[in-house]
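A.B. asks: below are the sequence and a predicted model for it; my questions follow.
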Amino acid sequence: MFLFAVAAVLATSSPAVRADDDDDAQAKAILQKADEIRFPVRGFEVAVRIRSVEGGGSPEEREFRVYSKGNENTIVQTTKPAAERGQILLMKGRDLWLFVPNVSQPVRLSLAQRLTGVVSNGDIARANFSGDYTAKIVGSEKIGEEAYHVLELTAVDRSVTYQKVKYWVRQSGSAPYKAEFYSISDRLLKTCSYENYRQLGGKIRPTRLVMIDGVKTDTKSVMDYDDMRLVDLPEKMFTKEYLKKVQ
């Protein structure tokens, strides 16, 4: 009788385990597809312009050239304003350093620190999600004529830019639509919408990100991507030793 009872429990519980595994695999696949729509898998460089407005103040504009290879290696070079031209951010894995011209040693930074306006260092240096978060499908939503998966992304550790992300991804084609970014205390930090889809780097991608502060909703930053090129980037570029030489 005992063996029959155990068998009955296993028979009823196994499908639920398999269903959870299938859901996790589906969420992971959706997240990876959305990442590939946003940025190429192979090496690339791209120009980024960020315009920020705080309250009713005057807009502030900055420009960068980004060189990226996978989700582990990124260089962000400031090209505007002139006073900061030549400053470089180097990301290796989840480690981030700032190189300043005529300063011998780089400064260690965190991905969550503010770069400009509402934009954090990690928003430009480590923008793909699949390597930093575990994904779970928590619902679906109809917006206009389109249906979207709603994903909850949980940080794999505390070194990533955000601790939790709520992410809307189109069910047809996996294009990202919007995201909400949260702190470890579950406070809304900012929202982001993915806009202006057009051909960039050989694929239709969102070329504009609009980020709005989670508390001061009249404070926002607009990130525009342009002039993307697929390039072979040598590993030596993404080292402190190499960047010290080119400063």
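C.D. replies: Arrived safely. Values in this document were obtained by computation on a predicted structure and should not be read as measured data.
A.B. asks: tell me how far residue 217 lies from residue 42.
C.D. replies: 38 Å (C-beta to C-beta, to the nearest Å). Just so you know, the C-beta spots here come from the backbone N, C-alpha and C atoms, and that holds for glycine as well.
A.B. asks: could you report the neighbour count for residue 33?
C.D. replies: Residue 33: 17 surrounding residues under other C-beta atoms under 10 Å.
A.B. asks: could you check the pLDDT of it?
C.D. replies: If you check residue 33, the pLDDT there is 96.
A.B. asks: how far off centre is the longest strand along the chain?
C.D. replies: Across the chain, the longest stretch assigned as strand under DSSP state E is strand 188-200. Averaging C-alpha positions (C-alpha atoms, centre = their mean, to the nearest Å) puts strand 188-200 11 Å from its chain's average.
A.B. asks: now that strand: average pLDDT?
C.D. replies: 97.
A.B. asks: which residues touch that strand?
C.D. replies: Strand 188-200 is contacted by residues 38, 46, 118, 162, 175-183, 204-215, 224-226, 228 when judged by C-beta atoms under 8 Å, 6 or more residues apart in numbering.
A.B. asks: could you point out which element follows that strand?
C.D. replies: Using DSSP states H and E, the helix or strand that follows strand 188-200 towards the C-terminus is strand 203-213.
A.B. asks: adjacent strands (with direction) for that next one?
C.D. replies: Here strand 203-213 is paired, per DSSP bridges, with strand 188-200 (antiparallel), strand 220-230 (antiparallel).
A.B. asks: any chance of these in a markdown table, plus mean neighbour count?
C.D. replies: As requested, these are exported to a markdown table (neighbours: other C-beta atoms under 10 Å):
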| stretch | mean neighbour count |
| --- | --- |
| strand 188-200 | 17 |
| strand 220-230 | 18 |
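A.B. asks: possible to save these as JSON lines with distance to residue 30?
C.D. replies: As requested, those are exported to JSON lines (distance: least, C-beta to C-beta, whole Å):
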{"stretch": "strand 188-200", "distance to residue 30": "14"}
{"stretch": "strand 220-230", "distance to residue 30": "22"}
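A.B. asks: just for the chain, where's the confidence low?
C.D. replies: Within the chain, the segments meeting pLDDT under 70 span 1-19, 246-247.
A.B. asks: now, of the contacts of strand 188-200, which are buried?
C.D. replies: Among the contacts of strand 188-200, the ones that count as buried by 16 or more other C-beta atoms under 10 Å are 38, 46, 118, 162, 175-182, 205-214, 224-225, 228.
A.B. asks: residue 101 - how many residues pack around it?
C.D. replies: Neighbours of residue 101 using other C-beta under 10 Å come to 10.
A.B. asks: which of the helices or strands spans it?
C.D. replies: Going by DSSP H and E, residue 101 is not part of any helix or strand.
A.B. asks: got the phi and psi for it?
C.D. replies: phi -50, psi 140 (degrees, to the nearest 10).
A.B. asks: what distance do you get for it to residue 190?
C.D. replies: 30 Å.
A.B. asks: ditto for residue 178
C.D. replies: In terms of C-beta to C-beta, residue 178 sits 11 Å off from residue 190.
A.B. asks: which stretches of the protein form helices?
C.D. replies: Assigned by DSSP state H, the helices in the chain fall at 2-38, 121-125, 240-246.
A.B. asks: from the contact counts, what lies against the shortest one?
C.D. replies: Looking back up the chat, that one is helix 121-125. Here helix 121-125 touches strand 60-69, strand 73-80, strand 88-92, strand 95-99, strand 114-116, going by 3 or more C-beta pairs under 8 Å, 6 or more residues apart in numbering; DSSP states H and E.
A.B. asks: note down every partner strand of the second one and its orientation.
C.D. replies: For strand 73-80, sheet partners with direction are given as strand 60-69 (antiparallel), strand 88-92 (antiparallel), following DSSP bridges.
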